[in-house]
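Chemist: build me a model:
(chains A and B)
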Amino acid sequence: MLREERRANLRDLVAYIAQELVDRPEEVRVTQVRGTQATIIRLRVAPADKGWVIGRKGRVANAIRSLLRAAAPSNRHIVLEIL
Amino acid sequence: MEKRLAKQSAEFTAKTLEEALKQASQELGLPTEALEYEVVRDTTRTILGLVRRGEVTVRVMWQPSPAEPASPPTGAALSALAMEEEEEAEEIPGLAQKAVTHNPPELEETATEVISTLLDKMGLYAAVEVVAPGGKVDSLSNEVSPLCLNIIGDDLGMLIGRRGETLRNFQFIVRLILSRRLGVWPNIVVDVEGYKAKRVQALQALARRMADQVRQTKQMVVLEPMPAHERRIVHLALRDDPDVYTESTGEGENRKVQIIPKSA
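Modeler: Got it, this is the predicted structure:
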């Protein structure tokens, strides 16, 4: 059976989760910078929505980071910054 | 029908041989002494007699006992995990109370859609199956049985993560998204390749085996440290045992279950 090649799209993953959680999905912005060993993903949401993507004691942000680590190649370091 | 009990094996990697075996013992729900193993790879070395580097990989073999057949994940087994992350509901003020009254009718469809979208963006080729539709109200406790979903596909180990941690985070995100869409904290269990269901069965088997040992020796047994939801499974498994009772001791990461003879 022919299987299509699938690749993780970390930027889309972060954008999707953030848009589902916030009150103002139209203000969600995600940028991605690829370095040699690390990828930095910056997530911007409306100031009032920050709590949704960070969560109590950073529970939500850390869960998103965990999914990013799982989806990325094991030799690549992923940094998620919430601005 | 005769059940074939083929020997099963799995690999575990850790910084030391002891840690790898401990990990295996916890994952499999077998005591460390009962493990049959061979060292597959050992890259450990000591630098200047001070710094330890590298990892040990062991292949552990075990014989599935007839008492615990490798049955497919069942709704019943997964239900034991339903309240696993109870405290999560507090994340959204005001939703906690509403959560247990009902599961909305569109939950199954919405949950499947959200999970599929996440998997797709994570680059995973996988499908979602419904193990138990949930929504049944227990007449005694008034609790709603959880919707149990299982993700099936190839190479999903990374979605489970070390000790199931990635899976816990995945389920948390799924529930959070569903709670925002549906306005209630849904009672839902997300599993991957029956990992949680097998873990529950292994823990229940371990609990029964250790209870038997306590019965015979009249000596208390202390299990390895476990996270809260796993200790809960052990407590529940032995709740109605006539001869032993269970108690947790230790703090935080180190908290473990004791199985104690009632007569002593």
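Chemist: how about the residues of chain B by chain A?
Modeler: Contacts of chain B with chain A, taken as CB under 8 Å from any CB of the partner chain, map to B:90-91, B:114, B:117-118, B:120-125, B:158-159, B:161, B:165-166, B:169-170, B:172-173, B:176-177, B:180-181. Glycine gets a C-beta too; all of them are placed from N, C-alpha and C.
Chemist: what's the pLDDT at the closest residue to chain B within chain A?
Modeler: Per CB to the nearest CB, the residue of chain A with the smallest distance to chain B is residue A:8, at 3.3 Å. For residue A:8, the pLDDT comes out at 81.
Chemist: the most centrally placed residue in chain A: what secondary structure?
Modeler: Central residue of chain A (CA atoms, centre = their mean): residue A:14, 2.9 Å from the mean position. What DSSP: H, G, I helix; E, B strand; the rest coil gives for residue A:14 is helix.
Chemist: so it makes contact with residue A:39?
Modeler: No. Residue A:14 lies out of contact with residue A:39 (CB atoms under 8 Å); the separation is 11.1 Å.
Chemist: strands paired with the helix or strand where residue B:39 lies, and their directions?
Modeler: Assigned by DSSP states H and E, residue B:39 belongs to strand B:36-42. When pairing is defined by DSSP bridges, strand B:36-42 lines up against strand B:56-62 (antiparallel).
Chemist: quick check: mean pLDDT of the strand it pairs with?
Modeler: 72.
Chemist: give me the buried positions along it.
Modeler: B:56-58, B:60, B:62 (16 or more other CB atoms under 10 Å in any protein chain shown).
Chemist: of those residues, closest to chain A?
Modeler: Nearest member of these to chain A, counting by CB to the nearest CB, is residue B:57, at 15.1 Å.
Chemist: all strands of the chain, in order?
Modeler: No chain specified, so I'll use chain A. Along chain A, counting by DSSP state E, strands occupy A:29-34, A:38-44, A:77-82.
Chemist: actually it's chain B I care about, not the one you picked
Modeler: Under DSSP E, chain B gives strands at B:8-14, B:36-42, B:45-47, B:51-53, B:56-62, B:126-132, B:147-153, B:188-192, B:221-225, B:244-249, B:256-261.
Chemist: closest to residue A:51 out of these?
Modeler: strand B:188-192 (22.9 Å; CB to CB).
Chemist: tell me the strands beside that closest one, with direction?
Modeler: strand B:147-153 (parallel).
Chemist: residue numbers of chain A in contact with chain B?
Modeler: So chain A meets chain B at A:3, A:6-9, A:12-13, A:16-17, A:20-21, A:55-56, A:59-60, A:62-64, A:66-67, A:69-71 (CB under 8 Å from any CB).
Chemist: now the buried members of these.
Modeler: Looks like the residues of chain A next to chain B have A:8-9, A:13, A:16-17, A:20-21, A:55, A:60, A:63-64, A:66-67, A:69-71 buried, using 16+ other CB under 10 Å.
Chemist: what sits against the closest residue to chain A within chain B?
Modeler: Proximity of chain B to chain A (CB to the nearest CB) peaks at residue B:123, 3.3 Å away. For residue B:123, the contact set (CB atoms under 8 Å, 6 or more residues apart in numbering or on different chains) comprises A:6-9, A:71.
Chemist: may I have the phi/psi pair for it?
Modeler: phi 80, psi 20 (degrees, to the nearest 10).
Chemist: what's near enough to touch the nearest residue to it once chain neighbours are set aside?
Modeler: Nearest non-adjacent residue to residue B:123, counting by CB to CB, 6 or more residues apart in numbering or on different chains: residue A:8, 3.3 Å away. For residue A:8, the residues meeting the contact criterion (CB under 8 Å, 6+ apart) are A:71-72, B:121-124.
Chemist: from those, pick the one nearest residue B:19.
Modeler: residue A:72 (25.2 Å).
Chemist: so how far is residue B:194 from residue B:237?
Modeler: 19 Å (CB to CB, to the nearest Å).
Chemist: give me phi/psi at residue A:23?
Modeler: Taking degrees, to the nearest 10 as the convention, residue A:23 sits at phi -80, psi -30.
Chemist: what about it, how many neighbours?
Modeler: Residues near residue A:23, counting by other CB atoms under 10 Å in any protein chain shown, number 11.
Chemist: got the contact list for it?
Modeler: So residue A:23 contacts A:46, A:48-49, A:52 (CB under 8 Å, 6+ apart).
Chemist: name the residues linked to the closest residue to residue A:72 other than its chain neighbours by a beta bridge.
Modeler: Closest residue in space to residue A:72, ignoring its immediate chain neighbours: residue A:78 at 5.0 Å, by CB to CB, 6+ apart. On the basis of DSSP bridges, residue A:78 is bridged to residue A:39.
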